[in-house]
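**Q** Give the three-dimensional model of this entry:
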Amino acid sequence: MDAVTGSPRADARILRVAGPLVELEYTADTAMNDLVSLGEAGLPGEVVAITSGVVTAQAYEYTGGLAPGHRARPQGGPLSARLGPGLLGRIFDGLLRPLSGSEDWLLPGSGGGGTEGRTWPFSPSVAVGDQVTEGQVLGEVREAGPVWTRILVPPGCAGPVQEIVREGGYPQDSVLAVVGGTQVRMTTDWPIRRPRPVRERLDARQALNTGQRVIDLLFPVARGSTVAVPGGFGTGKTMLLQQIAKWCDADVIVYVGCGERGNEMADVIVELSELVDPRTGGRLAERTVVIANTSNMPMMAREASIYTGATVAEYFRDMGRDVVVIADSTSRWAEALREFASRTGALPAEEGYPAGLASAIAAFYERAGAVTTLGGDPGSVTVIGAVSPPGADMAEPVTAHTERFVRCLWTLDRELAYARRYPAISWAGSFSRDADALAAGHAEAGDPAWQGRRAEISALLAEADRLTDLVDLIGITALPDQERVSVLGGRLVREGVLQQSALSDQDAYCGPEKASALAEAVLTVVARCRELAEAGVPTGSIEEADFGPLLRAREEVDPHGSAGVALRRDAVLAVLQGLM
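**A** Numbers count the residues shown, from 1 in each chain. Sure, this is the predicted structure:
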């Protein structure tokens, strides 16, 4: 039906099918980026070009069986995601169609939500006659997990509540309220490439605690910020992203598997479904939305999956939630852009990528942000995108452009990974542009020494890395005493603070108190070693001292504890005192 006149839309005739590209007759109902339904199966496609009365559409599904002469029906709008209850704890494809809970999800053209016929318990929070504004909460849908779906007044709608249903169970397409003459349904459709509106964007000042010490101490990320995680094969990208999904203090996780191998995506889904949520004691999947679009799925759906994930995240953000989007990997998404550009004859740029690659990457990461929602609540979307540079070439276009637009870079180092030091984040090749802003937040929270401690650890690691090359050439004994202590200090920081075991109950997650205590303990021990070296104690004796209690503290002390770290620090200081 036409959105303006209400008259039926005219069907178009398919002229040519060339793989996923389909040429149609032009009709007045068709515009760029509009969705079209192709053939009797209703395969979804998107209009990508209109020339000389011919419309070119890119299909989101395999076009086998589609032939010239078949009908195509313009849908009168761009690709949209159906947002509502039933998203959490489920798995979807790049178009937000369910990959579980429905027996016919593999059939071409199928696009049901998988929840048809189900009723959802709705509890209103307003009454007839109340004045409401856009973004205000009308009620909640109580779901099984810890996060309930809030029904909001749509953007651009305000006025008196003319109708509101009573508490009870309702189907997903039910009209729950009428506000200012506008019907408010339980579900809503939103174009995936259009960001949802907010009242204002806020400066990011609150840290997103990930539970990973190397990140929280050296390369912190703010809520509403952006992160790129580049790394070659085998460097631990997926493991790191899973750890962040499990332990970060976000309300909702949106995990987008974009173009990854099917077996790897299956492993991720199985592991996420088995993980215990440390915040609630239930299943982590109950507050996770998984969008799985593997490498064997259509290229155009892979390109859309990134925007679908961002739209879902913004939907929960508008409810006042803190959301983390994990995209693994944006390189496969960029490859889809390159393939699409080559099919449409776009002018190629560096390494065949389209000239608009940088703009596309920037537009995606701009969907992140800490905001005040239309309803007046704080919310945030933090975007963490993995990058898989071919041959670990950090100068290739996707990695280079991404580095320009993100606030944090966590570069994974192959040598660290091969040395079994995880997370294998390179302290020399990573950065955080959020660190200075977050330092003020730590000071307000009662830890004014956070920034100085971070700077001291960074300087110690840089000095130890510089001296390592000399040690390889001339040996450790040829270095001056203070430089030998720097090499020792670098080892203590790497093994006692930055290294972390995802398989240890005590070390898989590290709270802020324990992280600060470990860093402070190592720096105190290193300072004492410097004092002993200046006092004439042989450096060899200092190096041979038993630092075991300090190095084992990360796996022996409770994740939220700090007293145990202090005891082990004092034990090592007592050993050093005995060298005088």
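**Q** Could you list everything the residue nearest to E167 when sequence neighbours are not counted pairs with in the sheet?
**A** What sits nearest to E167 in space, not counting adjacent residues and going by Cβ to Cβ, 6 or more residues apart in numbering, is S123, at 5.0 Å. (C-beta placed from N, C-alpha, C; glycine too.) Listed by DSSP bridges, the beta-bridge partners for S123 are E140.
**Q** ok, now which ones touch S123?
**A** 139-142, 167 (Cβ atoms under 8 Å, 6 or more residues apart in numbering).
**Q** Swap in 6 Å and give it another go.
**A** 139-140, 167 (Cβ atoms under 6 Å, 6 or more residues apart in numbering).
**Q** same question, D189
**A** 80, 82.
**Q** Okay, and the beta partners of it?
**A** Applying DSSP bridges to D189 gives these bridge partners: R82.
**Q** do you know how far it is from G77?
**A** 8 Å (Cβ to Cβ, to the nearest Å).
**Q** swap in A462?
**A** Distance of A462 to G77, given as Cβ to Cβ: 54 Å.
**Q** still on that earlier bit, just the buried ones from the contacts of S123?
**A** 139-140 (16 or more other Cβ atoms under 10 Å).
**Q** JSON lines for the contacts of S123, including distance to A533?
**A** What follows is those, written out as JSON lines (distance: Cβ to Cβ, whole Å):
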{"residue": "G139", "distance to A533": "68"}
{"residue": "E140", "distance to A533": "63"}
{"residue": "E167", "distance to A533": "72"}
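**Q** So which of the contacts of S123 is the closest to A515?
**A** Nearest to A515 among the contacts of S123, counting by Cβ to Cβ, is E140 at 35.6 Å.
**Q** Local confidence estimate at that closest one?
**A** What the model reports as pLDDT for E140 is 96.
**Q** ok, G489 - how many residues close by?
**A** 23 (other Cβ atoms under 10 Å).
**Q** re the thing from before, out of the contacts of S123, which is nearest to R491?
**A** E140 (52.6 Å).
**Q** Check whether that closest one really touches W148, as I assumed.
**A** Yes: the criterion here is Cβ atoms under 6 Å, and E140 meets it with W148 at 4.8 Å.
**Q** neighbours around the closest residue to T187 other than its chain neighbours, how many?
**A** Leaving out its chain neighbours, the residue that sits closest to T187 by Cβ to Cβ, 6+ apart is G84, at 3.2 Å. Using other Cβ under 10 Å as the criterion, G84 is surrounded by 20 other residues.
**Q** Run through the residues that contact G84.
**A** Contacts for G84 (Cβ under 6 Å, 6+ apart) come out as 172, 186-187.
**Q** rerun at 7 Å
**A** When contacts are counted by Cβ atoms under 7 Å, 6 or more residues apart in numbering, G84 touches 149, 172, 186-188.
**Q** Please, where are all the strands along the stretch 101-250 of the chain?
**A** All strands of the stretch 101-250 of the chain, identified by DSSP state E, counting those that start in this stretch, fall at 119-124, 131-132, 137-141, 149-152, 159-164, 168-171, 175-179, 182-185, 188-191, 200-202, 226-230.
**Q** Any stretches of the stretch 101-250 of the chain with poor pLDDT?
**A** Residues of the stretch 101-250 of the chain meeting the criterion pLDDT under 70: 101-116.
**Q** Counting neighbours, which bits of the lowest-mean-pLDDT helix or strand in the chain end up buried?
**A** Least confident helix or strand, the chain: helix 262-274 with a mean of 78, by mean pLDDT, DSSP states H and E. Neighbour-count burial for helix 262-274, counted by 16+ other Cβ under 10 Å, picks out 265, 268-269, 272.
**Q** Using JSON lines, lay out the strands of the stretch 101-250 of the chain together with distance to E351.
**A** Listed next are the strands of the stretch 101-250 of the chain as JSON lines, based on distance: least, Cβ to Cβ, whole Å:
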{"stretch": "strand 119-124", "distance to E351": "48"}
{"stretch": "strand 131-132", "distance to E351": "51"}
{"stretch": "strand 137-141", "distance to E351": "46"}
{"stretch": "strand 149-152", "distance to E351": "43"}
{"stretch": "strand 159-164", "distance to E351": "53"}
{"stretch": "strand 168-171", "distance to E351": "49"}
{"stretch": "strand 175-179", "distance to E351": "50"}
{"stretch": "strand 182-185", "distance to E351": "45"}
{"stretch": "strand 188-191", "distance to E351": "30"}
{"stretch": "strand 200-202", "distance to E351": "33"}
{"stretch": "strand 226-230", "distance to E351": "16"}
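**Q** what number of residues lie near the nearest residue in space to L240 that is not next to it in sequence?
**A** Excluding its sequence neighbours, the residue lying closest to L240 (Cβ to Cβ, 6+ apart) is P423, at 5.1 Å. Other residues lying near P423 total 26 when counted by other Cβ under 10 Å.
**Q** now do A18
**A** Neighbours of A18 using other Cβ under 10 Å come to 10.
**Q** before we move on, what about the one 4 residues further on?
**A** By other Cβ under 10 Å, 25 other residues sit near V22.
**Q** okay, it: pLDDT?
**A** Value for V22, per-residue pLDDT: 93.
**Q** residues touching it, list them.
**A** 14, 38, 45, 57, 59, 63, 66.
**Q** Just those residues: which are in helices?
**A** Using DSSP state H, the subset of the contacts of V22 located in helices is empty.
**Q** and stretch 289-300, how far from the chain's centre?
**A** 16 Å (Cα atoms, centre = their mean, to the nearest Å).
**Q** mean confidence for it?
**A** 84.
**Q** Mind listing residues that contact it?
**A** Residues from elsewhere that reach stretch 289-300, judged by Cβ under 7 Å, 6+ apart: 20, 46, 58-62, 87-88, 90-94, 99, 254-262, 265, 269, 272, 301-302, 305, 308-309, 312, 332, 336, 339-340.
**Q** Now which of the residues you listed would you call buried?
**A** Neighbour-count burial (16+ other Cβ under 10 Å) applied to the contacts of stretch 289-300 gives 20, 46, 58-61, 87-88, 90-94, 99, 254-260, 265, 269, 272, 301-302, 305, 308-309, 312, 332, 336, 339-340.
**Q** Helices - which of those residues land there?
**A** Checking these against DSSP H, those in helices are 265, 269, 272, 301-302, 305, 308-309, 312, 332, 336, 339-340.
**Q** from the residues you listed, which is closest to V497?
**A** L272 (28.2 Å).
**Q** picking that back up, okay, and which of the contacts of V22 map to strands?
**A** 14, 38, 45, 57, 59 (DSSP state E).
**Q** What sits closest to the fourth one if chain neighbours are left out?
**A** Translated: A57. G45 (3.9 Å).
**Q** Would you agree that neighbour is in contact with E61?
**A** No: with contact defined as Cβ atoms under 7 Å, G45 does not reach E61; the gap is 8.3 Å.
**Q** Which pLDDT does the model give the spatially closest residue to P448 that is not a sequence neighbour?
**A** Nearest non-adjacent residue to P448, counting by Cβ to Cβ, 6+ apart: H442, 7.4 Å away. We have a pLDDT of 87 for H442.
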